[in-house]
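Colleague: Here is my input, please return the structure:
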Amino acid sequence: MQIPADLVINCVIAAIVVNSNQAPKNFIYHVSSSLRNPLKISDIHNISHKYFMKTPCLDKDGKPIVISKGIALKSMAAFNIYTKTRYVLPLEVCEMLSTFQQPNNKASYSLCLILCDTINFVTHTNAQF
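Modeller: Below is the predicted model of the structure:
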């Protein structure tokens, strides 16, 4: 039986962070991985939305920040289309317009493209845990 090292290491790091402010105790954790009941990105989307609805972040005035459910894209192609139309295309228009006004906006445009590629890779890998 092979144990995926990255899964074990990530769980150990998470356990250290969770228990870093507590007195030393004997903690027991169980980690498993299976193809029988995989965790899907849509599950993470729903779980995180429920969590932030139950325990909202507060703004500078102490009021809860209301969040929307957002969308969960099911494929890499859908993600690429969404990010290109929602973020990249408007940024390209702004970049074209800024050449007449401020030529120093290329850094934010490049950063946005890097972030889109990174999010695409992280959220749409074929790994199952």
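Colleague: What are the buried residues along stretch 7-21?
Modeller: For stretch 7-21, a neighbour-count test (16 or more other C-beta atoms under 10 Å) marks nothing as buried. (C-beta placed from N, C-alpha, C; glycine too.)
Colleague: Show the residue spans covered by the helices in the chain.
Modeller: 5-18, 41-54, 76-83, 89-101, 106-123 (DSSP state H).
Colleague: Just the terminal-to-terminal distance for stretch 75-94.
Modeller: One end of stretch 75-94 to the other measures 28 Å (C-alpha to C-alpha, to the nearest Å).
Colleague: same question for it, mean pLDDT?
Modeller: The average pLDDT for stretch 75-94 rounds to 82.
Colleague: what about it, distance to the chain center?
Modeller: Remark: stretch 75-94 is offset 17 Å from the chain centroid, using C-alpha atoms, centre = their mean, to the nearest Å.
Colleague: Just want to check the distance between Asn46 and Leu91.
Modeller: Distance, Asn46 to Leu91, by C-beta to C-beta, to the nearest Å: 30 Å.
Colleague: between the two, which one's more packed in?
Modeller: Neighbour count, other C-beta atoms under 10 Å: between Asn46 and Leu91, Leu91 has more, with 20 against 13.
Colleague: Would you confirm that that one contacts Cys112?
Modeller: Yes: with contacts counted by C-beta atoms under 8 Å, Leu91 reaches Cys112, the gap being 5.6 Å.
Colleague: Many thanks, have a good one.
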